[in-house]
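In: Using only what follows, build the 3D model:
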Amino acid sequence: MSEDGGPGPATEVFVAHRNLLFTVAYEMLGSAADAEDVLQETWLRWADVAFDAVRDPRAYLVRITTRQALTRLRTLGRRKETYVGPWLPEPLLTTPDVAEDVELADSVSMAMLLVLETLAPTERAVFVLREVFDLQYDEIAEAVGKSPATVRQIAHRARVHVAARRPRDVVSPAQTRAALDAFHRAIATGDVRSLLDVLAPDVVVLSDGGGLRQSVPRPVVGADKVARLLAAGWSRVGALIAVEPVQVNGSPALVLRLDGEIDSVVAVRVEDGLVSGLYVVRNPEKLSRVERATVLHR
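Out: Alright, predicted model coming up:
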């Protein structure tokens, strides 16, 4: 605290970078709740630092956040081993500026976060810091406790890994919205044929209820299986569901409400104008961030 009773310079710097630090932690963890815990740990460590001795506060804060996120990521890995059903990232209602930053929107999309889940913790940290936040190799090396030469090798390996699994092309919000609207119209009819027209042949559905809500217990793959699953489910509850188009993780998505309460969030992966991935989050512990927008920054 400063002499006049206001926040001290260290507090002001932390607040100024808070959205950036949250974004770093969220991209590494895929969980807003855990990202907030990481920020709390970062603040506690930052508060103990001799502020005047810090040459680059932004780099220092990113370094603390990365180290705390790596520790949390390893813990999450063990937790996911016992998770009930498929695990999906926690969806975030985002502001329009996220969609306007194409690289940021791509990096926080549900599809990309699932790709990042396939990286080892250090690979994920290096990829996020280099490819999303454009940090230099020596800065990343300090954050992850490796030499710059080793970080370069890790970055190359992570890029190759991600490139083999990410969507082939960057899809604009307008293209995603068009595919999502077509999907919504098709599912509303309950007609399997109409659904087949908007689904990619190898489409996959992942549904996350976390053991707290009913969900599909394992991935469903293939347009015919997915279309029949969706048509059957909508025929049972469709008349009771209110559908709201929103921006989630920088991309168009749908919020489904039952009796006014959020029941689920539906995000999509779109390739060649067709829905190739459907990500349905029903776990109530993951739905608190779709009531109000979260600011992301890089």
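In: Next up, the contacts around G260.
Out: A242 (C-beta atoms under 8 Å, 6 or more residues apart in numbering). C-beta: built from backbone N, CA, C; applies to glycine.
In: Please report how far it lies from D101.
Out: In this view, G260 and D101 are 33 Å apart by C-beta to C-beta, to the nearest Å.
In: all strands of the stretch 101-250 of the chain, in order?
Out: Assigned by DSSP state E, counting those that start in this stretch, the stretch 101-250 of the chain shows strands spanning 199-208, 220-221, 241-248.
In: L39: which of these is closest?
Out: Closest approach to L39 among these (C-beta to C-beta): strand 241-248, 21.2 Å.
In: Most tightly packed of the strands of the stretch 101-250 of the chain?
Out: A comparison of the strands of the stretch 101-250 of the chain by mean neighbour count, using mean count of other C-beta atoms under 10 Å, puts strand 199-208 on top with a mean of 20.
In: So L274 is in contact with L196, correct?
Out: No - when contacts are counted by C-beta atoms under 8 Å, L274 is not listed as touching L196 (10.1 Å).
In: Look at those two and report which has more neighbours.
Out: Taking other C-beta atoms under 10 Å, L274 and L196 do not tie; L274 has more neighbours (19 against 16).
In: Got the phi and psi for that one?
Out: phi -120, psi 150 (degrees, to the nearest 10).
In: Contacts only, for it.
Out: 179, 198-200, 203.
In: follow-up on the earlier one: reformat the strands of the stretch 101-250 of the chain as JSON lines; add mean pLDDT and distance to E131.
Out: What follows is the strands of the stretch 101-250 of the chain, written out as JSON lines (pLDDT from 0 to 100; distance: least, C-beta to C-beta, whole Å):
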{"stretch": "strand 199-208", "mean pLDDT": "97", "distance to E131": "24"}
{"stretch": "strand 220-221", "mean pLDDT": "98", "distance to E131": "28"}
{"stretch": "strand 241-248", "mean pLDDT": "95", "distance to E131": "22"}
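In: Let's have those strands in JSON lines, adding distance to W87.
Out: JSON lines is the format used below for those (distance: least, C-beta to C-beta, whole Å):
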{"stretch": "strand 199-208", "distance to W87": "6"}
{"stretch": "strand 220-221", "distance to W87": "16"}
{"stretch": "strand 241-248", "distance to W87": "17"}
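In: nearest to L256, of those?
Out: Closest among those, using C-beta to C-beta: strand 241-248, at 5.1 Å.
In: Would you mind pulling up the elements that the closest one packs against?
Out: helix 96-100, helix 173-189, strand 251-258, strand 261-271 (3 or more C-beta pairs under 8 Å, 6 or more residues apart in numbering; DSSP states H and E).
In: The same query, at a cut-off of 7 Å, please.
Out: Here strand 241-248 touches strand 251-258, strand 261-271, going by 3 or more C-beta pairs under 7 Å, 6 or more residues apart in numbering; DSSP states H and E.
In: any idea which of these is most buried?
Out: Buried most deeply of the helices and strands packed on strand 241-248, by mean count of other C-beta under 10 Å, is strand 261-271, with a mean of 22.
In: What is the subsequent helix or strand relative to that one?
Out: The first helix or strand that comes after strand 261-271 along the chain, using DSSP states H and E, is strand 274-281.
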